[in-house]
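Engineer: here is a sequence together with a model predicted from it:
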Amino acid sequence: MFNIEDANKKSKEVVDTALKTYSDTTKGFQAIAAEATEYSKKSFQDAVTHFETLAGVKSFEAAFELQTNYVKAYFEGFVSETTKLSEMYADLAKSAYKPYEAPIAAAVVKTAKSVSATTPAAA
């Protein structure tokens, strides 16, 4: 029989879980945005410093070496930052899914049992 108190309790649990998940997700996106902003600022400052240094170079060889070193350092920093951001996104996705993991697994098992019970055996 349908129990209104149990339904209210479950509804409250669902809403509380959803609010916590939304709050954690928002914090995760804020951390990602802060990291991207910080990297952008650092990258821009490094570029300005590089071009100021490059403007003072007197020989083509020195300019070529300076540019090569800058591009190499920039690429390594970019790869490192994108790796860090992708890990932050993966952690965010895992934490957002975690509260729903058990209920979804239970629903899948229940659905699989009900499908196998209603499907006739192959002859």
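Structural biologist: In hand now; what should we look at?
Engineer: which non-adjacent residue is nearest the residue most central in space within the chain?
Structural biologist: The residue lying closest to the centre of the chain (C-alpha atoms, centre = their mean) is Tyr89, at 0.9 Å. Computed as C-beta to C-beta, 6 or more residues apart in numbering, the closest residue to Tyr89 that is not its neighbour in sequence is Ile32, at 6.8 Å. C-beta here means a position set from N, CA and C on the backbone, and glycine is covered the same way.
Engineer: quick revisit: quickly find the element holding the residue nearest to the centre of the chain.
Structural biologist: helix 60-118 (DSSP states H and E).
Engineer: avg pLDDT for that helix?
Structural biologist: In this model, helix 60-118 carries a mean pLDDT of 90.
Engineer: and that helix, what does it pack against?
Structural biologist: helix 4-55 (3 or more C-beta pairs under 8 Å, 6 or more residues apart in numbering; DSSP states H and E).
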